[in-house]
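> fold the following.
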Amino acid sequence: MKKLILSTLIISLPLIAMAKEYKEAIQSCEAYNNMKHTTNTNEIKLKVGEEYRILDHKKGQILTLIKGERIAQRWVDESCFEKQSLGSTINKALKKGNSSSKKTSKQNLLAISWQNAFCQTHQYKKECKNMSKKDFGASNFVLHGLWPQPRNNQYCNVDKKQVGMDKNKQWHRLNKLDLDGATRERLAKLMPGYSSNLHKHEWIKHGTCYGTDADVYYDDSMDLMMQINDSKIQDFFADNVGNKITLKDIRKIFDREFGKGAGEHVTMNCSKGLITELWIHLGSGSDKLKDLLTKGETPKSRCHKGRVDAVGY
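Coordinates of the predicted model:
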């Protein structure tokens, strides 16, 4: 009997040693040497989509193994990984679901800018210094951001050091975003503020609360904005450069383009008599603006009349 028990233990030990837990990174988080997140030798970051071995889990942080590094054991926030262990085909299939099934924030505000007016009031900005009529933003709306609501839903699981740099407008020091080449190229065109690191700021402050990685967040943001640029809304602005228009007129066009009542979810911002932005208040559960507008909030607008500015000062 003793020999049988001993044999069973010997056989079981290797099986226990082989039981390793792996999780897939969903954010490009910094991997720190310590739990206080004060040191990151070689400035290591997790790679989105790659699986990492989990060694320990304490106080909302995970100790993981970074292969090939001299200091291989690193601490990251638990939000950097999916809550469930990956490796199963079911979880991976769910992750590949279409945009209408993504679990994003329930209420969002899409902020789109009329770049000519923005540059008129921000001439010192890098993206405004050499703006010309050939630029996309000269006759189209450009992306400011997609903001999960309510407004205080910000900086989700963001390192305090990163928050401090963002609030002090040290955007160039923020972590580089893990975006694929196509998304990055498109974003540089549709968000002129990209040259001033606006994309880093928007992700840190708002995108981290959206519910996806940075790549999907920006793909969604740009797709929604382009539905407006491909509509009569953009035509109306382009045709009225130099003229004053009203929010009432804008809302009527939204109703015609995206369904009755859609305009109630649109507000307008102005500065020095110029229309600077449209804020589109959206719900969730679809990638179609027409559907999202029916579920958005209907707040009061800050501005009801303004002039559509032309490119140049």
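> per-domain residue ranges of the chain.
What automatic domain parsing lists as the domains of the chain is 20-96, 99-307.
> would CSV of the ones you listed with distance to Tyr313, mean pLDDT and mean neighbour count be doable?
Where you see a C-beta, it was placed from the backbone N, CA and C, and this is true even at glycine. As requested, the domains of the chain are exported to CSV (distance: least, Cβ to Cβ, whole Å; pLDDT from 0 to 100; neighbours: other Cβ atoms under 10 Å):
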stretch, distance to Tyr313, mean pLDDT, mean neighbour count
domain 20-96, 38, 76, 15
domain 99-307, 6, 94, 18
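> now do the end-to-end distance for stretch 195-215.
Terminal residues of stretch 195-215 are spaced 18 Å apart (Cα to Cα, to the nearest Å).
> show me how far that stretch is from its chain's centre.
Stretch 195-215 sits 4 Å away from the centroid of its parent chain (Cα atoms, centre = their mean, to the nearest Å).
> contacting residues around the residue nearest the centre of the chain?
Closest residue to the average C-alpha location of the chain: Gly207 at 3.1 Å, with Cα atoms, centre = their mean. With contact taken as Cβ atoms under 8 Å, 6 or more residues apart in numbering, Gly207 is in contact with Gly145, Leu146, Ala214, Tyr217, Tyr218.
> thought the fourth one was touching Trp147?
The reference is to Tyr217. No - here Tyr217 does not reach Trp147: they are 11.0 Å apart, not a contact under Cβ atoms under 8 Å.
> so Asp166: helix, strand or coil?
Three-state call for Asp166 (DSSP: H, G, I helix; E, B strand; the rest coil): helix.
> test my guess that Gln61 contacts Ser79.
No - Gln61 is not in contact with Ser79 according to Cβ under 8 Å; the separation is 9.8 Å.
> can you map out the strands along the stretch 151-300 of the chain?
244-246, 266-271, 274-282 (DSSP state E, counting those that start in this stretch).
> between those, which one is closest to Gln154.
Nearest to Gln154, of all the strands of the stretch 151-300 of the chain, is strand 274-282, at 16.3 Å by Cβ to Cβ.
> which parts of the stretch 1-150 of the chain are helices?
With helices called from DSSP state H, counting those that start in this stretch, the stretch 1-150 of the chain shows them at 2-18, 89-95, 115-121, 126-129.
> and for the stretch 201-313 of the chain?
Under DSSP H, counting those that start in this stretch, the stretch 201-313 of the chain gives helices at 214-229, 232-239, 247-258, 289-293.
> make JSON lines from the ones you listed and add distance to Leu65 to it.
JSON lines is the format used below for the helices of the stretch 201-313 of the chain (distance: least, Cβ to Cβ, whole Å):
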{"stretch": "helix 214-229", "distance to Leu65": "24"}
{"stretch": "helix 232-239", "distance to Leu65": "50"}
{"stretch": "helix 247-258", "distance to Leu65": "49"}
{"stretch": "helix 289-293", "distance to Leu65": "41"}
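> and those: which comes nearest Phe118?
Using Cβ to Cβ, the helices of the stretch 201-313 of the chain put helix 232-239 closest to Phe118, at 13.4 Å.
> CA atoms only: put the closest one into PDB for me.
The C-alpha trace of helix 232-239 is given here as PDB (Å, rounded to 0.1, in the frame of the first residue of the first chain):
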ATOM      1  CA  LYS A 232     -25.300  65.800 -46.000                       C
ATOM      2  CA  ILE A 233     -24.100  67.300 -42.700                       C
ATOM      3  CA  GLN A 234     -20.600  67.700 -44.200                       C
ATOM      4  CA  ASP A 235     -22.100  69.100 -47.400                       C
ATOM      5  CA  PHE A 236     -24.000  71.700 -45.400                       C
ATOM      6  CA  PHE A 237     -20.900  72.900 -43.600                       C
ATOM      7  CA  ALA A 238     -18.800  73.000 -46.800                       C
ATOM      8  CA  ASP A 239     -21.400  74.800 -48.700                       C
END
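> what's that helix packed up against?
strand 141-148, helix 247-258 (3 or more Cβ pairs under 8 Å, 6 or more residues apart in numbering; DSSP states H and E).
> could you redo those as a markdown table and give each row distance to Lys232?
Below are the helices and strands packed on helix 232-239 laid out as a markdown table (distance: least, Cβ to Cβ, whole Å):
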| stretch | distance to Lys232 |
| --- | --- |
| strand 141-148 | 13 |
| helix 247-258 | 5 |
